[in-house]
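> Give the three-dimensional model of this entry:
(2 chains)
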Amino acid sequence: MTAKARYERPLIKKLESNMPNKFGMRTEFEPVTHIDGVSVASLIADYGSPVFVLSEQKIRQRFKAARQAFETRYPRVQFAWSYKTNYLSAVCNVFHQEGSWAEVVSGFEYDKAIRHGVDGSNIIFNGPDKTEEDLRKAITNNSLIHIDHLDELYMIQEIARETKQKPKVAIRVNMDTGIYPMWDRFGFNYENGQAWDALNKIMFSGLLDLVGLHTHIGTFMLSPNAYAIAASKLANLAQRVQQKYGHEIKYIDMGGGFSSRNTLKGAYLPGIDTNPSIDDFAEAITSALMNSDYRPKTPPLLILETGRALIDEAGYLLGSVIANKRLSDGRRATILDVGVNLLFTSFWYDHKITPAQEFTSYTEDTVLYGPLCMNIDVVRENISLPLLNKGDKVVIHHVGAYNMTQWMQFITLRPNVVMIDMDGKPHLIRKNESIDSIENLEEIPPHLSHFEL
Amino acid sequence: MISDKNHVMFPQFGQGILNSYTQIFFAKNKWMALLLLAVSFVDLNAGLSGLMAVLIANTTAYLIGLNREHIINGFYGFNPLLVGLGYGISFQPGVSFFIILIFITLLTLFSSILLAGLLSKYGLPYLSLPFLIGFWIIMLSSRSINQLELSEGGIYFLNELYQLGGFTLLDIHDWFEQLPWPEVFKLYFRSLGAIFFQPHLFIGIVISLSLLIWSRLAFVLSFLGFACAYLFYMVVGASLNDLTYSYIGFNFILTSIAIGGFFVIPSVYSFLWVIISIPLLAFLQITASSLLTPLQLGVLSLPFNFVVISFLFVFRLRERYFDKPALVYFQQFQPEKNLYSSLINSQRLAHLERIPMKLPFWGFWKVTQAFDGEHTHKDAWRYAWDFEFMDASGKTYKNEGLLPTDYFCFGKPVLAPASGYVMEIIGEVDDNAIGDMNLRQNWGNSIVISHGEGLFSQVSHLQKGSILVHKGQYVEQGTQLANCGNSGRSPYPHLHFQFQTSSEIGAHTLSYPFAAYLSKNDELQFHSSDQPKLNDLVCNQLVDDTLNRALHFIPGQTLKFETSAKELISWEVKTDIFNQSYLACDQTKSKAWFGRKDDLFYFTRFEGNKKSLLYDFYLGAYQLVTGNNPDLTIQEKLSLHEFPSAELRFLQDFVSPFYRFLAIRFEATQLKAKQSIGDTPIIFNTQLDFSVFSKTLSNRSYQISFEAGELSRFEIKKVSQHLILYRV
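Sure, this is the predicted structure:
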């Protein structure tokens, strides 16, 4: 008895006889049937569809490569895991095991880092919103507070004066690095002298221990040179502090924003070919620091808070086809059980999506929609995919960053998150939500508890 | 003010006198000095005249303003002492006797100074040459001085003994004389006595006992030298008369101590040289006596002086680097001490004469070809290293490794190993495709830096167009020179590094160590003054700011502690005239000398009270790496004269050059410290293990904490004592 041949629907395609482009006729439909040796089908069978899958192996590989890129170019390097990128406890702990500190931007993230067992002195507290309570906690724990604005500076000084503690602080500096948009809403500006002014205020007060300088010039940066400019501007500030106060800045925090291998919407070429590698960023930053005139006895620690570039590629979102339909203009549309509720980053990227089973070489342009009953729920506006049937599985790539923190509980619930360990064994690291997880938080006033229809 | 000065001066003056007695045997030892002083007074006149000579010499030296350290060490006193002893034995006391003593002492002192001036520039000692000059002068001139009468002392020795101690002493003397000992022993003791002009068995025994108290090796050597001489005289059939009549055998004894153990580190080789010296001494002795007898002068210590000075001069002239036997550079006035410290320090302090070199890159790189490598490090170019960067999985490249840029080391900074001037640059050789080699310009892009006379370093196969320095530029250690590349004879990117003796690119290589680095093969290891081996994964040791500041003791600084027993301790940092720094504890009169280089803090020696807390600190902080390297363990050995059991040490001393059954091991482990900005303490657990035949006899444990740039806490965990010192 022979296996039943797979049904593939008929397809009529316009014959294009113009100049063949150099990328050939095929696009991204090579099937990805396994992740770290675990079959997509079994993952969906065990954990349902959709499901987020993270590869511990990939995370560690990427981290080691990044560390290597910096450590071979600069003597003192420290990474701090950017919690907002992905603060699932298992993920954070992989980074902490690799030696990363924690970089948090809210009281909630701060508490999460403490709960993970990160020592207060290894937490960098960024962000514009730090409550007085948060700051008191961070000061007591000896955390590194990166001051965002003068009001925060004054509040820290007041706490320091009152509690007789000497908080360890850095200021966040924003600057023109030749890129657009300029992120001048965070921190103090370099060019107009705000940053220098803040540094003077800190040094003159004598209440705070100025340990570092911080910048974060943007997100998904495609120009390493911008980092070189930023690094030399920070080094310049450090040198001026040393010159004026004889005070050595202990670290320079270059933030993050390194691009991953995703393709930005509107990009002509795939990101995997065009985006700078972590080595390019490392080269730009370290050469700028070394070429600067800031030469203390021990070189300042270089802190990096890159998140996306370390985890994006380690994350996969597995989903299934709900239906196929044809739109009014004749375009094919495919509806997946994965939508923008889970894939927030589909607003920014043309995610690479591959089927999880073998196909013939025929492809069709299609629109990929999510399952939400909302017009905005579009995963890819146009993608060339093999001919998918209902129930077929797809793998969405490079989803490790931001999706597991920016996902929405909108219309439907959030699914399981699985991590495949170094030995290829899957572990559930976040259980899917149930109606209880939503309703348990709700309270119904007595007069609304009953109704009759 | 005068009383203040007296307080310091008199003890030192006393030391100067005592040391003058022991300096005859090169020693500095209080008990030995007292014995020798007593022995010298067996002949009252001689004893008195000897002591007076020392007093006169040392006082004159002090008043003239000569080096006080030398006076205290007895360097100016021992020759006048010998002259005084000989003079006192030979002549009757009287007014003119003492007047002449004063001036003959001055003459001897001046000869000492003159000879010191002549010989010290060759690094040679003047030994007892001044004594020879002084004594011969007085012997020759006395014939024209009528007031000096020859003493009958020494001739009627029994009479003197009787006067000194009656029949009891005579009986003792007789009993000794009639002991049925082999002649060689009797002669040996008599020869020892002859050094003090009293060739008597009893006196010889006391002197040899005093030698034993000072140094077991000196005792062994003294007898060995003499026994060999005895044997030699027997074998060649020379006249034993020389040995028996004038007891001139002490020349063999002194030479044996000097060559076998005092000026030379005791070893099989030094013992061999002692044996070689015997016939030479014998010839000299026979010749000198036939030359000097017509003048009615004794040969005295002439052969000893000639042989020792000429041997030392020969040893110093050695050009080929062969240090067997090794000369003593830092004299500790005891052969065992010299030996034990040399065993430890020849390795441990080897860096002192080196320019500190660092690895020319950041991070851990792998040695893919080392000395006498299988590919190109051969013949004149055998002392070279190839380094490549390797990731955690052991790969040196990503992707397929088909492009130079796939290799992790390609384009990575190459640093100056030490400060110096850029001498040569080649920068325009193309980088090869993978697998290809440019055999015509085989060094590829290279830079040579001059670090000093005859010491150059070369980095090769650099990336084209990456060179950041220019010819003649002065670069600091750690300055980026260029990037690692793939030019020249380089099939795939790697960094070639070598030390060489001249500035041309590709000059002959030189075997030279790196000052300090870490290796991570199975476990993290620290290397001081060492050379990476094939397949080692190596990285520069980074100096930690806190440790760097805490272990930088500034002269004048005082370290104050409060112990857990509420006692206040303070140690002051001082420096001595040899530019050596030490911690001094005034309460216990103890000193611990230390050294510091970038990557290491270490103690070198201790003097004073071994029950003091400073001694514990000396042991506990014997050697510390100044970097923050959690889990790093270093091991070191201590000089055996620190061994706590005096009895075992006494036994060990006898065989020390050949076999050592005692050992002191030091181990320091850095605890896993948190990495953070600022104030996290760095903690070391250190332990000393004292063992006999590799079995632990006892041990001591310590814990040292550093915080905020200071040594904050020192914990002593001994069986008898658990004490914590807190910095105040």
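> can I get the CA coordinates of whichever strand or helix holds residue A:428 in CSV?
Assigning secondary structure by DSSP states H and E places residue A:428 in strand A:426-430. Output of strand A:426-430 as CSV, limited to C-alpha atoms (Å, rounded to 0.1, in the frame of the first residue of the first chain):
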residue,chain,number,x,y,z
PRO,A,426,11.9,20.9,25.6
HIS,A,427,10.8,22.6,28.9
LEU,A,428,7.6,24.6,29.5
ILE,A,429,8.8,27.9,30.8
ARG,A,430,5.5,29.8,30.7
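> Quick check: which ranges of the chain have low pLDDT?
In the absence of a named chain, chain A is used. A:1-2, A:15-29 (pLDDT under 70).
> wait, I meant chain B there
For chain B (pLDDT under 70), the answer is B:1-10, B:152-157, B:239-247, B:321, B:678-679.
> For it, what lies in contact range of chain A?
Where chain B comes near chain A, counting by CB under 8 Å from any CB of the partner chain, the residues are B:361-363, B:389, B:391-392, B:398, B:408-409, B:411-413, B:480, B:540, B:542-545, B:548, B:674-680. Bear in mind the C-beta positions are built from the backbone N, C-alpha and C, glycine included.
> Residue A:412 and chain B: what is the separation?
40 Å (CB to the nearest CB, to the nearest Å).
> brain fart, residue A:45
From residue A:45 to chain B the distance is 32 Å (CB to the nearest CB).
> Among the residues of chain B next to chain A, which ones are in strands?
B:389, B:413, B:480 (DSSP state E).
> now these: which count as buried?
Neighbour counting with 16 or more other CB atoms under 10 Å in any protein chain shown marks B:389, B:413, B:480 as buried within those.
> Can you tell me which of those lies closest to residue A:423?
Closest approach between these and residue A:423, by CB to CB: residue B:389, at 27.7 Å.
> Bridge partners for that closest one, pull those for me.
residue B:365 (DSSP bridges).
> Name the single longest strand found in the chain.
You didn't say which chain, so I picked chain A. If each strand of chain A is counted by residues according to DSSP E, the longest one is strand A:315-326.
> other chain: chain B
Under DSSP E, chain B gives strand B:695-707 as its longest strand.
> Pairing partners for that strand, with directions?
Sheet pairing for strand B:695-707, using DSSP bridges, gives strand B:682-692 (antiparallel), strand B:710-717 (antiparallel).
> show me what contacts residue 190?
I'll assume chain A. By CB atoms under 8 Å, 6 or more residues apart in numbering or on different chains, the contact set of residue A:190 is A:173-176, A:196, A:233, A:237.
> Wait, chain B was what I had in mind.
Applying CB under 8 Å, 6+ apart, we find residue B:190 in contact with B:199-201, B:204, B:247, B:249.
> let's see it at 7 Å
Contacts for residue B:190 were tallied using CB atoms under 7 Å, 6 or more residues apart in numbering or on different chains; they are B:199-201, B:204, B:247.
> Pick the one among those closest to chain A.
residue B:204 (63.0 Å; CB to the nearest CB).
> Does that closest one touch residue B:192 like I think?
Yes: contact criterion CB atoms under 7 Å: residue B:204 and residue B:192 qualify, at 4.1 Å.
> what about residue A:434, neighbour count?
10 (other CB atoms under 10 Å in any protein chain shown).
> Residue in the stretch 351-453 of chain A with the shortest distance to chain B?
Counting by CB to the nearest CB, the stretch 351-453 of chain A gets nearest chain B through residue A:422, at 12.3 Å.
> Could you check how far that residue is from residue B:109?
82 Å (CB to CB, to the nearest Å).
> Comparing these two, which residue is more hemmed in?
Shown here are residue A:422 and residue B:109; by other CB under 10 Å, residue B:109 has more neighbours (25 against 11).
> give me every residue that touches the more buried one.
B:57, B:60-61, B:76, B:80 are the contacts of residue B:109 under CB under 7 Å, 6+ apart.
> again with residue B:577
No contacts exist for residue B:577 under CB under 7 Å, 6+ apart.
> Tell me the residues of the stretch 1-150 of chain A that contact chain B?
When proximity is defined by CB under 7 Å from any CB of the partner chain, the stretch 1-150 of chain A lies next to chain B at A:64, A:68, A:71-76, A:78, A:119, A:121-122, A:144.
> Can you tell me who residue A:319 pairs with across the strands?
Bridge pairing for residue A:319 - DSSP bridges - gives residue A:394.
> For the residue in the stretch 251-400 of chain B positioned nearest to chain A, give its distance to residue A:100.
Residue of the stretch 251-400 of chain B nearest chain A, by CB to the nearest CB: residue B:363 (4.3 Å). From residue B:363 over to residue A:100 the distance is 18 Å, taken as CB to CB.
> The residues of the stretch 1-150 of chain A next to chain B in helices, which ones?
The helices, defined by DSSP state H, take in A:64, A:68, A:71 from the residues of the stretch 1-150 of chain A next to chain B.
> quick revisit: would you mind telling me which of residue B:204 and residue B:192 has more residues around it?
Using other CB under 10 Å as the criterion, residue B:204 and residue B:192 rank with residue B:192 on top: 32 against 27.
> Now the phi/psi pair for the more buried one, please.
Main-chain torsions, residue B:192, degrees, to the nearest 10: phi -60, psi -40.
> what's the spacing between the longest strand of chain B and its chain's center?
Strand B:695-707 has its C-alpha centroid displaced from the chain centroid by 26 Å (CA atoms, centre = their mean, to the nearest Å).
> So which bits of that strand are buried?
By neighbour count on 16+ other CB under 10 Å, the buried set for strand B:695-707 is B:697, B:699-707.
> bridging residues for residue B:691?
residue B:663, residue B:696.
> ok, back up a step: save the strands paired with strand B:695-707 as a markdown table, and put in mean neighbour count too.
Listed next are these as a markdown table, based on neighbours: other CB atoms under 10 Å in any protein chain shown:
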| stretch | mean neighbour count |
| --- | --- |
| strand B:682-692 | 19 |
| strand B:710-717 | 19 |
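> related to what we said a few turns ago, what would the residues of the stretch 1-150 of chain A next to chain B look like in CSV with neighbour count and distance to residue B:657?
Compiled in CSV, those are given as follows (neighbours: other CB atoms under 10 Å in any protein chain shown; distance: CB to CB, whole Å):
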residue, neighbour count, distance to residue B:657
A:64, 15, 52
A:68, 22, 51
A:71, 21, 48
A:72, 24, 48
A:73, 26, 52
A:74, 21, 51
A:75, 20, 45
A:76, 16, 47
A:78, 21, 52
A:119, 17, 54
A:121, 18, 54
A:122, 23, 54
A:144, 30, 58
